[in-house]
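>>> Just a sequence and a predicted model for now, questions to come.
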Amino acid sequence: MEISKTNRMVLILSALLVVLVLTIALFRDNAKTIDATTAESLIKESLVTHAVIDGPYLYFSSGGTRYKIPKDAINLKTLYQTTPVTIKEPNPYVADILTIIVLILLVLYILRWAKKNRELKEQHMSEQIELAHELQKPAHIRPIISTITFKDVAGIDDVKEELEEIIDFLKHPKKYKNFGIRMPRGVLLVGPPGVGKTLIAKAVAGEAGVPFFYQSGASFVQIYVGMGAKRVRELFKRAKAMAPAIVFIDEIDAVGKARGGMRNDEREATLNQLLTEMDGFEDSSGVIVIAATNKIEMLDDALLRPGRFDRRVFVSLPNKEERKSILQIYLANKPHHLNLDDVAQMTVGFSGAALSSLVNEAAIHALKSGKKIIEIEEFLAVKDKVLLGKRKILTYSDEEKRIQAIYQSAKAVTAYWLDIEFEKIGLLSDNFQSSEKEIVSKTEMMNRIKVYLAGDMMMQMYYHEHFTNAANDLKEARLLAQEMVENYGMGERFHADITDVEKILESAKQDIEGFVARMEEAILQLADEILQREVVTKHDVKEMLHDLF
Ligand code: ADP
């Protein structure tokens, strides 16, 4: 807008300049001045056929050249006798007319400029009114204008690359339409919580400069019957009206869970409406739906069919280098003295979101201890709190603490014995590092299951009892066993079968039962350590076992 305004200004000024130069050229006095003797001899010899007196000068042509001479310098009487002379009325208006033309042009330009300005203001005002109007609408159909760009998202270069084309499409939908290129209607971002899926979608909107409609899948279905579908309809109506635009549906699995099993009419109606809307897009409607999920395998096939979410972008937990660049973003405005390699090293398994709160907690810790800069000690101190919410521990009774310590100790000893990597184990935290290997053996997966079951087995042996604190580990063990059977053909048959999952769990349980019985003494001793110190490192476990055996 600004550029075109200055362009116009430059254009008009140059036009004026051209007019001025032309006028000067036109009225330029190009006659040659000669002296009286030459003039008189020319006149005398009748070489001058016609002369003009213009103001103080006498002009005449001879032999194709124009001459001039101050009229007082020659004898005018002689001239009048020999040559016809025209006396030119002086024209004092030429200059004035020019000035007037220039002035008129200027006024016209100013008027035009003022009109444009007024129009722009009116347009701006109507946009404001429109926005105010938008803001009164229910939240689900109210877009935000995102100021996030890819600069704010660290360590996802390949994801950025995959989305470049979509951004270009949103910026220039016509270009793609002219070439008859069909753009994806939906992009599915798949990845665990906190890895930046929402942030990425916002960055796409910010980069493309288009409105961003946020909607969480769960909120579609938590309302009364018939409402979900209506909301979807309204949402898309608004988005189309403001296209190009992005509709972001977080946790789409809440709407798009594979059907079957328990029927949920409301969810199905909502899902069907979503499918209808997406199928109804003209190819160039300029609305792109970005959806996020952390469990693509749970999604209804209908959502994944061509023409719907046909782009999948996988966002995984950041690796070490990526963790470093995320840490850099969050530490950029904080005074620190840190080796980022070390911090990245100790944060295996942290998502972007977890890293962001880790940095924040470390800064708070530094501030509380009266330090001026953040150092690695702060990170060590707050890491467990960030991972699991360490404060919870304060609510445990002594007996509960002992149960928990023995439970964790059994896991620690087993993990050490079976080579499952960990740095530290605390009363409430373990953080067994997921293998950074690309190919994992069945044995290693079995060993992980054994670690998850070790605590519960120890409870059974020592207290002859099960406790609820095992819930999470049992769930992890079951998920892992399911994965082994369903994804990796590690069950007894190729065909995934629930009884194979049971068999894997049962076999792991038997192995670990014997193991914890043999290690009882070590486990109880380590449990005491954990009770006293809250956390023990892998190194502590090693030393203790070394002393015992
Ligand atoms: P998801 O949608 O995958 O659950 P979010 O996009 O909501 O994750 O991420 C939550 C927050 O974590 C973000 O607002 C941001 O502060 C931080 N975050 C996550 N991933 C990144 C990243 N790659 N770079 C920078 N910040 C990140």
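Received it, and whenever you're ready, just let me know what you need.
>>> residues in contact with stretch 362-379?
For stretch 362-379, contacts defined as C-beta atoms under 8 Å, 6 or more residues apart in numbering pick out 331, 334-339, 342-343, 346, 358, 381-382. Bear in mind the C-beta positions are built from the backbone N, C-alpha and C, glycine included.
>>> Of those residues, which ones also sit close to the ligand?
Filtering the contacts of stretch 362-379 for neighbours of the ligand using C-beta under 6 Å from any ligand atom leaves an empty set.
>>> Mind giving me the packing neighbours of the one helix or strand residue 215 maps to?
Element membership for residue 215, per DSSP states H and E: strand 211-216. When contacts are defined as 3 or more C-beta pairs under 8 Å, 6 or more residues apart in numbering; DSSP states H and E, strand 211-216 sits against strand 144-145, helix 197-208, helix 227-241, strand 245-250.
>>> can you redo the ones you listed as JSON lines with distance to residue 277?
Formatted as JSON lines, the helices and strands packed on strand 211-216 follow (distance: least, C-beta to C-beta, whole Å):
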{"stretch": "strand 144-145", "distance to residue 277": "20"}
{"stretch": "helix 197-208", "distance to residue 277": "18"}
{"stretch": "helix 227-241", "distance to residue 277": "4"}
{"stretch": "strand 245-250", "distance to residue 277": "9"}
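>>> so which of these gets nearest residue 386?
Residue 386 lies closest to helix 197-208 among the helices and strands packed on strand 211-216, at 18.5 Å (C-beta to C-beta).
>>> now the angle from that closest one to strand 211-216?
170 degrees (axes from the mean of the first three to the mean of the last three C-alpha atoms, to 10 degrees).
>>> how about helix 197-208, does it reach the ligand?
Yes. Using C-beta under 6 Å from any ligand atom, helix 197-208 comes into contact with the ligand via 197, 198, 199.
>>> I'd like the mean pLDDT over that helix, please.
Per-residue pLDDT values over helix 197-208 give a mean of 94.
>>> Also stretch 493-505?
Averaged over stretch 493-505, pLDDT sits at 88.
>>> hmm, who's touching it?
Counting by C-beta under 8 Å, 6+ apart, 446, 449, 453, 477-478, 481-482, 484-486, 490-492 sit against stretch 493-505.
>>> Off-centre distance for that stretch?
Distance of stretch 493-505 from its chain centroid, counting by C-alpha atoms, centre = their mean, to the nearest Å, is 42 Å.
>>> The closest residue to the ligand within the chain: neighbouring residues, count only.
Relative to the ligand, the nearest point of the chain is residue 352 (2.1 Å; C-beta to the nearest ligand atom). Residues near residue 352, counting by other C-beta atoms under 10 Å, number 24.
>>> how about the residues of this protein that lie near the ligand?
Contact residues, the chain versus the ligand (C-beta under 6 Å from any ligand atom): 153-156, 193-199, 292, 326, 329, 352-353, 356.
>>> Please, a ChimeraX command that selects the buried ones among those?
To isolate the buried members of those in ChimeraX, using 16 or more other C-beta atoms under 10 Å:
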select :153,154,155,156,194,195,196,197,198,199,292,326,329,352,353,356
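>>> Sort out for me which of the residues of the chain next to the ligand are in helices.
Among the residues of the chain next to the ligand, the ones falling in helices (DSSP state H) are 197, 198, 199, 326, 329, 352, 353, 356.
>>> can you pull the contacts of the first one?
Under the criterion of C-beta under 8 Å, 6+ apart, the contact partners of residue 197 comprise 189, 191, 250, 292, 315.
>>> Next, find the distance separating it from residue 437.
Distance of residue 197 to residue 437, computed by C-beta to C-beta, to the nearest Å: 25 Å.
>>> For residue 144, which non-adjacent residue is spatially closest?
Using C-beta to C-beta, 6 or more residues apart in numbering and skipping the chain neighbours, the partner closest in space to residue 144 is residue 212 (5.2 Å).
>>> Tell me which residues touch the one you found, please.
143, 144, 145, 146, 201, 202, 205, 206, 245, 246, 248.
>>> Which of these are buried? Put it as a ChimeraX command.
To isolate the buried members of the contacts of residue 212 in ChimeraX, using 16+ other C-beta under 10 Å:
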select :143,146,201,202,205,206,245,246,248
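>>> May I see the contacts of residue 212 organised as a markdown table, with distance to residue 83 added?
Shown next, in a markdown table, are those (distance: C-beta to C-beta, whole Å):
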| residue | distance to residue 83 |
| --- | --- |
| 143 | 86 |
| 144 | 87 |
| 145 | 82 |
| 146 | 85 |
| 201 | 91 |
| 202 | 89 |
| 205 | 85 |
| 206 | 83 |
| 245 | 84 |
| 246 | 87 |
| 248 | 92 |
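>>> beta partners for the residue nearest to residue 144?
Under DSSP bridges, the beta-bridge partners of residue 212 are residue 144, residue 246.
>>> I'd like to know how far it sits from residue 293.
In terms of C-beta to C-beta, residue 212 sits 18 Å off from residue 293.
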